[in-house]
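task: produce atomic coordinates for the following.
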Amino acid sequence: VFFSMDRMEERIENVSSLRRNLDHYAVKGMARPWTAKPKRETIAGSGPPSLLELCTDAIAQHLHTIPFVGEVLPHHILKEVLDRRKNQNMTDTDVPLLLSTTFEVVPPTQVDYLSFKNCHKVTSDGIKVVFDNCPALTSLDLSFCELIGDDALKGLSQRCPGLRELDLTGCRLVTDEGCKHLGILKHLAGLRLELCNKVTDMGVQAVV
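Alright, predicted model coming up:
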């Protein structure tokens, strides 16, 4: 797809204007600070979504059409945008595409957080491409990735030595053997294993 220079300048100006608006509301205290588990949906009775939530949803849906977005948006908002991408229908073949889109925003060596929450169709083989290309990961959400197991954790421990936080909630294929691989991650300070029915006390002890 080709764009004229006028069209490209217009898009850049639109993104720049969006950042000014987001910064304005952040100064007024309306922007929520980044957390590892951002609010994904409005709870009934809690009121309409904020302007920041609407903007991040829109950017997440059209990320691949916005040029230079990584140069104009604050880092904590970029993280929220990436987290709001829809995961439920992602498959192994989609993972490289997601990484390609991500790298347009943040260089591979600076990607420190990724969320694959609810990627029910992504397997251990599919997720390994993430570890191979994102060695700087410090926080990773694999919760409810039901096809990810011990092989993935082996690759993760070998490729991402700086990992500090890992959410494996609902990863039912993970066993004590996978926890043994995590034991070599010296900086791992937070690990969630809820609903990992094949992990015993021995597996937890191997990580600790």
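
ok, now how distant is residue 171 from residue 191?
With distances defined as Cβ to Cβ, to the nearest Å, the gap from residue 171 to residue 191 amounts to 11 Å. No exception for glycine: its C-beta is placed from N, CA and C like everyone else's.

which one of those two has more residues nearby?
For the pair residue 171 and residue 191, the greater number of neighbours falls to residue 171 (28 against 17), based on other Cβ atoms under 10 Å.

wait, isn't the more buried one in contact with residue 196?
Yes. Contact between residue 171 and residue 196 holds when scored by Cβ atoms under 8 Å: they sit 5.7 Å apart.

among the helices and strands of this protein, which has the poorest mean pLDDT?
The weakest-scoring helix or strand in the chain, judged by mean pLDDT, DSSP states H and E, is helix 5-27 (a mean of 54).

what is the mean pLDDT for the helix or strand just after it?
From helix 5-27 onward toward the C-terminus, using DSSP states H and E, the following helix or strand is helix 51-61. Confidence over helix 51-61, taken as the mean pLDDT, stands at 81.

what are the buried residues along helix 51-61?
Using 16 or more other Cβ atoms under 10 Å as the burial criterion, the residues of helix 51-61 that qualify are 52-53, 55-56, 59.

repeat for stretch 114-130
Buried-residue list, stretch 114-130, by 16+ other Cβ under 10 Å: 114-119, 121-124, 126-128, 130.

farthest-apart pair in those residues, please.
By the measure Cβ to Cβ, those have their two most distant members at 118 and 128, which lie 19.1 Å apart.

quick one, strands of the chain?
When secondary structure is read from DSSP state E, the chain shows strands at 113-115, 139-141, 165-167, 190-192.

want to throw these into TSV with mean pLDDT and distance to residue 91?
Shown next, in TSV, are the strands of the chain (pLDDT from 0 to 100; distance: least, Cβ to Cβ, whole Å):
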stretch	mean pLDDT	distance to residue 91
strand 113-115	90	16
strand 139-141	95	18
strand 165-167	96	21
strand 190-192	96	24
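
out of those strands, the one nearest residue 75 is which?
Sorting the strands of the chain by Cβ to Cβ, the top spot, which is the nearest, belongs to strand 113-115 at 9.9 Å.

direction included, what does that closest one pair up with?
Strand partners for strand 113-115, identified by DSSP bridges, are recorded as strand 139-141 (parallel).

give me the residues contacting the partner strand.
By Cβ atoms under 8 Å, 6 or more residues apart in numbering, the list of residues contacting strand 139-141 from outside reads 36, 83, 112-117, 156, 160, 163-167.

please identify the buried residues of that strand?
Residues of strand 139-141 classed as buried under the neighbour-count rule (16+ other Cβ under 10 Å) are 139-141.

tabulate these in CSV, adding columns for distance to residue 101.
As requested, the buried residues of strand 139-141 are arranged in CSV below (distance: Cβ to Cβ, whole Å):
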residue, distance to residue 101
139, 19
140, 18
141, 18
